[in-house]
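Enquirer: could you look at this predicted model? Sequence included:
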Amino acid sequence: MLAIIPAMPELPEVESTRRSFAERIRGAQITSVRLGKPLRWPLGCTPESLVSQRVGEVARRGKYLWLPLDRGGLLLHLGMSGSLGFSSASAPPGPHDHFDLATNRGVLRLTDPRRFGAVLWSDALDADPARRLLAGLGAEPFDAGFDARALHAGCKRRRCSIKTALLGGDIVAGAGNIYACEALFRAGIDPRTRCHRLSLVRCERLLVALREVLAEAVALGGSTLRDFRDTDGSAGEFQINARVYGREGQPCLQCRAPVRRIVQGQRSTFLCAHCQTR
Ligand SMILES: [Zn+2]
């Protein structure tokens, strides 16, 4: 099987990142804040105003991380190439280290060569600017309140293909290109199937498959992150064992028919036209 390295941090990488430092930073007190070159948006407060505040329970919403503080909190996004590392020994910042949150437990550092990432202060998750950025985000895939019926109801309202709807992220968040292709293969659903034609039973299979793929990716991301040193800038990348993604022309692992690549919404879709039906 091919090893795939995602081009940008997706939900599993962000969740792996959260798990890598959430326990250690909870309750830590901010001692200083260092800003490097400008990120996608300005911080929205003075760095000094964050000093002496305590960090609460780090949460994730879609591909955003939320660090609650005594007053408001910080919303972080890894952008195209960002990675976050938390280490007790603070190495001097490198040329791509654009945000350091120093605490009495260690330094949370954002490394982002392309600087599409962001750190911005918000009064609360449901207050601007966080509310504006999170508006339109679909359900969390692992949220127990999100079930096949909810997925089915969301699909009923769409006329586009199920692959395009998954990538849109407004029914369910977190299905990036690789994960959408892999989940549809495991569920036996042709990615070109019109959303509104998917039955409840097939939505159930799809949700199970999506959760499986994302959970495997989170677990693999975690194992990669454990080896991650905060100077190499590779925390956002990890490998999954893809069954169709990136395997054009190779035999399907279930039926041996060649895996096909098509283009949907300017993104590559990989599928087995034999195992996946409309
Ligand atoms: Zn097949």
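Expert: Structure received.
Enquirer: ok, which stretches of the stretch 151-278 of the chain are strands?
Expert: 240-241, 260-264, 267-271 (DSSP state E, counting those that start in this stretch).
Enquirer: closest to the ion out of the ones you listed?
Expert: strand 267-271 (8.8 Å; Cβ to the ion). Where you see a C-beta, it was placed from the backbone N, CA and C, and this is true even at glycine.
Enquirer: any part of the closest one near the ion?
Expert: No: for strand 267-271, no contact with the ion is found by Cβ under 5 Å from the ion; the gap never falls below 8.8 Å.
Enquirer: contacts for that strand?
Expert: 163, 167, 177, 181, 184-185, 190-191, 242, 244-248, 259-263 (Cβ atoms under 8 Å, 6 or more residues apart in numbering).
Enquirer: give me the mean pLDDT for that strand.
Expert: For strand 267-271, the mean pLDDT works out to 95.
Enquirer: tell me how many other residues crowd A180.
Expert: Neighbour count for A180, taken as other Cβ atoms under 10 Å: 26.
Enquirer: which non-adjacent residue is nearest it?
Expert: L166 (4.1 Å; Cβ to Cβ, 6 or more residues apart in numbering).
Enquirer: repeat that for S88.
Expert: Nearest-residue entry for S88: G106, 4.1 Å, with adjacent residues in sequence omitted and distances by Cβ to Cβ, 6+ apart.
Enquirer: and for the residue nearest to A180, the neighbour number?
Expert: Counted by other Cβ under 10 Å, the residues lying close to L166 total 27.
Enquirer: repeat that for the one 3 residues further on.
Expert: Counted with other Cβ under 10 Å, the neighbours of G169 add up to 19.
Enquirer: quick check: mean pLDDT across the one helix or strand G85 maps to?
Expert: Using DSSP states H and E, G85 maps to strand 83-87. For strand 83-87, mean pLDDT rounds to 91.
Enquirer: enumerate the residues of the stretch 151-278 of the chain near the ion.
Expert: So the stretch 151-278 of the chain meets the ion at C252, Q254, C255, A257, C272, H274, C275 (Cβ under 5 Å from the ion).
Enquirer: which residue comes closest to the third one once chain neighbours are left out?
Expert: For C255, ignoring the flanking residues on the chain, the nearest one in space by Cβ to Cβ, 6+ apart is H274 at 5.0 Å.
Enquirer: isn't that neighbour up against P258?
Expert: No: look at H274 against P258 with Cβ atoms under 8 Å: they stay out of range, at 9.4 Å.
Enquirer: if we can go back for a sec, mind checking which of the contacts of strand 267-271 are buried?
Expert: By neighbour count, with 16 or more other Cβ atoms under 10 Å, the contacts of strand 267-271 hold 163, 167, 177, 181, 184-185, 190-191, 242, 244-247, 259-260 as buried.
Enquirer: in helices only, show me these.
Expert: Using DSSP state H, the members of these that fall within helices are K163, L167, N177, C181, L184, F185.
Enquirer: turn those into JSON lines, columns for pLDDT and distance to R26.
Expert: Putting these into JSON lines (pLDDT from 0 to 100; distance: Cβ to Cβ, whole Å) gives the following:
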{"residue": "K163", "pLDDT": "97", "distance to R26": "38"}
{"residue": "L167", "pLDDT": "93", "distance to R26": "33"}
{"residue": "N177", "pLDDT": "89", "distance to R26": "33"}
{"residue": "C181", "pLDDT": "94", "distance to R26": "36"}
{"residue": "L184", "pLDDT": "98", "distance to R26": "37"}
{"residue": "F185", "pLDDT": "98", "distance to R26": "38"}
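Enquirer: what is the nearest of these to R132?
Expert: L167 (21.6 Å; Cβ to Cβ).
Enquirer: who touches the closest one in this structure?
Expert: A175, G176, N177, A180, G265, R267.
Enquirer: look up how far Y245 lies from it.
Expert: Note on L167: its distance to Y245, by Cβ to Cβ, to the nearest Å, is 13 Å.
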